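**Student:** got a sequence here, can you model it:
(2 chains)
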Protein chains: 2
Amino acid sequence: MGTMQAYTPPTTSLPPQGRPFELRLSPTNSSQLHNHTALTPLIFLLRAALIHPKKLAIKHPERGWQITFDVWAARCLNLAFALKTLGGKRSWKSPPLQWEKGMRVAILAPNAPMILDAYHGVLAAGGIVVPLNIRNTPAELQYVIEHSGSSILLVDWELEAQLTPEARKGRLVIICRDSGGQDKEDEYEAFLAHGRQQWDLAQQEEAKRHPEAPLSDWALLPSPPEDSPCALCYTSGTTGRPKGVLTTHRGSYLAAIANAIEASLTPDSTYLWVLPIFHACGWCFPWASTLSFSTQLTLRKVDPERIWRAFREEGVTHYSGAPTVQISLVNHPGASRLPQEVKVAVAASAPTADLLRRMEELHLHPVHVYGLTESYGPLVRRYPKPEWQELPLDERARLMARQGHGFAAADEARVVRLKEVQGGKREVVVVNVDGEERLVDVQRNGEEIGEIALRGNIVMQGYYRDEESTKGTIKAGYFLTGDLAARHPGGEIEIKDRGKDVIISGGENISSLMVESELASHPLVLESSVVARPHEKWGERGHAFIVLRSDSPVTPHASPQSPSSSPSQSHSQGGEGEGGGEVGEKEKELVEDLKRHCRDRMSGFAIPAWWTFVEALPKTSTGKVQKNVLRGRVAKL
Amino acid sequence: MGTMQAYTPPTTSLPPQGRPFELRLSPTNSSQLHNHTALTPLIFLLRAALIHPKKLAIKHPERGWQITFDVWAARCLNLAFALKTLGGKRSWKSPPLQWEKGMRVAILAPNAPMILDAYHGVLAAGGIVVPLNIRNTPAELQYVIEHSGSSILLVDWELEAQLTPEARKGRLVIICRDSGGQDKEDEYEAFLAHGRQQWDLAQQEEAKRHPEAPLSDWALLPSPPEDSPCALCYTSGTTGRPKGVLTTHRGSYLAAIANAIEASLTPDSTYLWVLPIFHACGWCFPWASTLSFSTQLTLRKVDPERIWRAFREEGVTHYSGAPTVQISLVNHPGASRLPQEVKVAVAASAPTADLLRRMEELHLHPVHVYGLTESYGPLVRRYPKPEWQELPLDERARLMARQGHGFAAADEARVVRLKEVQGGKREVVVVNVDGEERLVDVQRNGEEIGEIALRGNIVMQGYYRDEESTKGTIKAGYFLTGDLAARHPGGEIEIKDRGKDVIISGGENISSLMVESELASHPLVLESSVVARPHEKWGERGHAFIVLRSDSPVTPHASPQSPSSSPSQSHSQGGEGEGGGEVGEKEKELVEDLKRHCRDRMSGFAIPAWWTFVEALPKTSTGKVQKNVLRGRVAKL
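**Tutor:** Presented below is the predicted three-dimensional model:
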């Protein structure tokens, strides 16, 4: 993966020599309360650079370089000064752009160090970081760039082609060649070097103005107030336009601490970036890892081959990802038991019993977590109990599948009562008490279905420039997630379905997730997704899309232009072989077998009426199945 | 240590049956921001009771009982309601006392569950907890009770005699027999049972008033605002009157998180109370342990015999204590290597090389921490580096002896420049810059001596009802600790002396700590303390008090009424055999040997001019040597 030893960071990346690097946010002054400093995730990098300057912060094996915490802190400060001095008398090149507090800086990058820099440097400059979804189409990217009002774009060279001329127009675009300074033509590196000059000049001026007590380094920058905006993450938008989730410094600080505690990160940890770093600020792990003095390992291209190599060669101890990522890992030919224990945060859905067994055999140990971009990534997890170790695997997987309880630093995750309104739709019950609104908890019986409601410091401030959406999801002091769940006697929540995924059939609500879980226990099923399809008699019935194991006797119908290809292509998919058309004998038999399997496990109305075998399911960049794509397909049938 | 199995908690200690225990602070209402809940350490107990209700929260082996998190949460809520309803129509007995927000509740108790209850129940009622120092004299206790304006006293029966009639006058005194409900005469238990009635009644009323969405349990109590006062801890007062250190909910929350991270507490941890729980809110460990779902083990009487039994029988993984506690542990006849690793936070001073070796042999692994009551207990620690493992023990002990860097969630620990003012005294340099005051850092050369300055969320709000002292220690937005230190090139601080312990001799500053460290390497010295004594020629010179190892040829002079007895007695001590009077031949030889030892290691002026051999040194309840007592003795010579 490249020779790390040969790498020497450019001098502009090095912390100042011959005088102490001052790691203190904001000027030291008497106007600030002595017992109240702003909560901001920036402080973690400063501590790491002060306490463990020579410890590895980031390893980037593909490009053959790695940097220590002191070098990383210096580079992030370079970035902050390059941004902060824009439009000043020694500004970076045209277009003339005047830096302002709260300016949005959008990042378009794969899992590489530049985006990790941005989560620190942009914030240190007083800006808001806007991580872009690299799987978006150029039109979607343009929409997000325009909607967020981003004035500056930091773009990885491999993704530059994704920018439309409109997206670039009037904006400062800096292209990063991901060279860490080895490539003289790397514009991002030149930008950092320019920032370093500005920083040095600012320091010289300060030393002249206040020779007795000059500030230096980070102390030259004001600390962002804790309730000020930190990041703007656009949801992947399974329906409608992407929405911009606005977070705060306080929330990011506490979410980082919570994630570090829940993941048991320590200075001995190596966190591998499998999750896209752009996704919900990488679940706050760019900060959580730094707080814990852990090493972060970046892979530009996330594939099982490279991941397994990193597991073996780099001593990875932690990563995060959806079950679909886990499936590809356990199925990889190179998979074999690791000497070290690897902790895996699994989101989107829980591992099945089979997946759990295979992961544990490989020394990969899943923790099931739940969250949304609106909750800074995961903030609910399943807390295992010692007595589970005595249980059969199936039972253990079933218990682990519940979403669980709120993280450290999060508030209680509630499930609140719903009422039916017109057209079979449901709405949260709001009770007015002495002029105050209250939500009502469902019973803790594991059965009553309500909506998951969250509040607290690790919940977004609101949707950016979208008051209507914000108002629509914030009720009675709670953020309503749109996810349907029950609550068990132990207080843990269990998702029954995403609100829009429920199938309403003859007045009955069918949880598509429940049907999928039961299908997962069929020996030939690798993955499945069940969506609502209009039905003459019942209103709706389920349509199941099945990915079979490679040893199955049935060949999937879908061609290479099937839903397994990129989201933009799958929209145009036709429906050959779907809807109960011509199917082979073997396929008919398999469908009957699957129906029998269902009949033993669910009410008759819940058994899917249609079955399609596909090579793969359409997924978002974060591994979630795109049910909207599947619904689009069945709507055309 | 008693039969735990036989214990059944009283019904009033049990969480409500047949309906979920609602674990949510403050009413759920729409007037609160959805993304901003108050930081308070109370939330940790609620989470523990919700997530791990049946996990052991507190073990109290001496009295034969232990309780789970759900039972503990119920008992703390009982306490809150008993307090909160005082003066209402169904109040607890006379004197008639009207509960008010911010009321002070003082606790006089050994390391037993009641004081752990108070750190939660008093706060939940909206009160301020005032943990009293059980080593104080009755007059000192009375002073603290009166100064804090405590209206309610929760007192362990063994300490009731310490209360003067004046201390009790006009106050509600509840005596706790530490029975956990086994003793029908236990007034504290009756108070809790009364609280439970109030809680049930409040719930019934709420259900009547708001049948559609009744609040219950903790939700009936408003959450304390995060910047509101939490605890009032009086410093042990080595000079002058004790001062009341006022902390906040926000600070306690963040300090608890920081301590949990730094101590690596997990659900598998058992924290043994060796440190007095009253001391600086037990360094926030009553909350840190709860956040981590750890079990706390209480010992009313802290002695090496019981501690070793607890190590063996209860699987202790963590405790905290001064080196003097460690010395008594490693010297105990029952000491032998433990199967489990025990993490030990060592404060006040660092373990010597010899102590470090002996601790490690026993599987006790020290982390060196530093802090003050004003900083919620420790907030600076030494972060070990992997390469230390290669070093000889002496070198490792020397490196570990530095105090280090600020904790997670703490700000940078600074050492700021001093200037000489009249009479050889020193004062912090304050520079005025554009109307703002700034402190100036010392050079990071390990040599320039300055004062340790702290700020941030884990620093006290101020001294209660003592604006003058507060103003005297808060300068330019920093709390000045009074401790003198240098800063090394790595940024870590190293204490050179407590400010008042410096010996000023012929214009030279002698660090008494340095002299003591050097004496510790003499094979016959167990402990020593060096204080300033007036000297005709040099102004001051050092007077060394030495505790010899048991195998030394010299017998200490001090009688049983020596400084080893309680602080209140040692004040009256005379000085037979001190001041260079009649001494035996062996003693003379030993003094010469010690002087030779010093001569190889320090400047001549730093070598103590007087030597006294004692059985033990006078110490505070937390194991700090009371140099004021020793100074009192030498002043009389």
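**Student:** tell me the SS of the residue in the stretch 151-300 of chain A positioned nearest to chain B?
**Tutor:** For the stretch 151-300 of chain A, the residue closest to chain B is residue A:213, as judged by Cβ to the nearest Cβ, at 4.0 Å. No exception for glycine: its C-beta is placed from N, CA and C like everyone else's. Assigned with DSSP: H, G, I helix; E, B strand; the rest coil, residue A:213 falls in the coil class.
**Student:** go ahead and confirm residue A:58 touches residue A:299.
**Tutor:** No - applying Cβ atoms under 8 Å as the test, residue A:58 and residue A:299 come out as separate, 11.8 Å apart.
**Student:** list the residues that contact the nearest residue to residue A:494 once chain neighbours are set aside.
**Tutor:** What sits nearest to residue A:494 in space, not counting adjacent residues and going by Cβ to Cβ, 6 or more residues apart in numbering or on different chains, is residue A:402, at 4.2 Å. For residue A:402, the contact set (Cβ atoms under 8 Å, 6 or more residues apart in numbering or on different chains) comprises A:350, A:368, A:382, A:488, A:492-494.
**Student:** just the pLDDT for the residue nearest the centre of chain A.
**Tutor:** Centroid-nearest residue in chain A, with Cα atoms, centre = their mean: residue A:279, separated by 3.4 Å. With respect to pLDDT, residue A:279 scores 94.
**Student:** cool, residue A:50 as well?
**Tutor:** Looking at residue A:50, its pLDDT is 93.
**Student:** in which helix or strand does it reside?
**Tutor:** For residue A:50, the host element (DSSP states H and E) is helix A:42-51.
**Student:** what does that helix contact?
**Tutor:** A:15, A:21, A:23-25, A:55, A:57, A:69-70, A:72-73, A:76, A:120, A:123-124, A:218, A:223-224, A:249, A:253, A:256, A:287, A:290-291, A:293, B:383, B:405-406, B:408, B:411-412, B:491.
**Student:** verify the contact between residue A:413 and residue A:380 for me.
**Tutor:** Yes - assessed by Cβ under 8 Å, residue A:413 is found in contact with residue A:380 at 4.8 Å.
**Student:** in chain A, where is pLDDT below threshold?
**Tutor:** A:1-6, A:18-19, A:25-31, A:94-95, A:236-240, A:423-424, A:499, A:507, A:557-583, A:621-622 (pLDDT under 70).
**Student:** max-length helix in it?
**Tutor:** Longest helix in chain A by number of residues, with DSSP state H as the criterion: helix A:187-209.
**Student:** immediately after that one, which helix or strand?
**Tutor:** strand A:229-234.
**Student:** before we move on, back to that, what do residue A:413 and residue A:380 both touch?
**Tutor:** With Cβ under 8 Å, 6+ apart as the test, residue A:413 and residue A:380 both reach A:403-406, A:493.
**Student:** and which of those is nearest residue A:375?
**Tutor:** Residue A:375 lies nearest to residue A:406 out of the shared contacts of residue A:413 and residue A:380, by Cβ to Cβ, at 9.6 Å.
**Student:** what's around that closest one, how many residues?
**Tutor:** Residues lying near residue A:406 (other Cβ atoms under 10 Å in any protein chain shown) number 25.
**Student:** likewise for residue A:187?
**Tutor:** By the criterion of other Cβ under 10 Å, residue A:187 has 17 neighbours.
**Student:** do the one 4 residues further on as well
**Tutor:** Applying the criterion other Cβ under 10 Å, we find 22 residues in the vicinity of residue A:191.
**Student:** list the contacts for it?
**Tutor:** A:79, A:82, A:92, A:174.
**Student:** do the same with residue A:543
**Tutor:** Residues near residue A:543 by Cβ under 8 Å, 6+ apart: A:530-533, A:608-612, A:630, A:634.
**Student:** narrow these to those in strands?
**Tutor:** Using DSSP state E, the subset of those located in strands is A:530-533, A:610-612.
**Student:** pull out the buried residues from the helix or strand harbouring residue A:271.
**Tutor:** Assessed by DSSP H and E, residue A:271 sits inside strand A:270-272. Neighbour counts over strand A:270-272 (16 or more other Cβ atoms under 10 Å in any protein chain shown) mark A:270-272 as buried.
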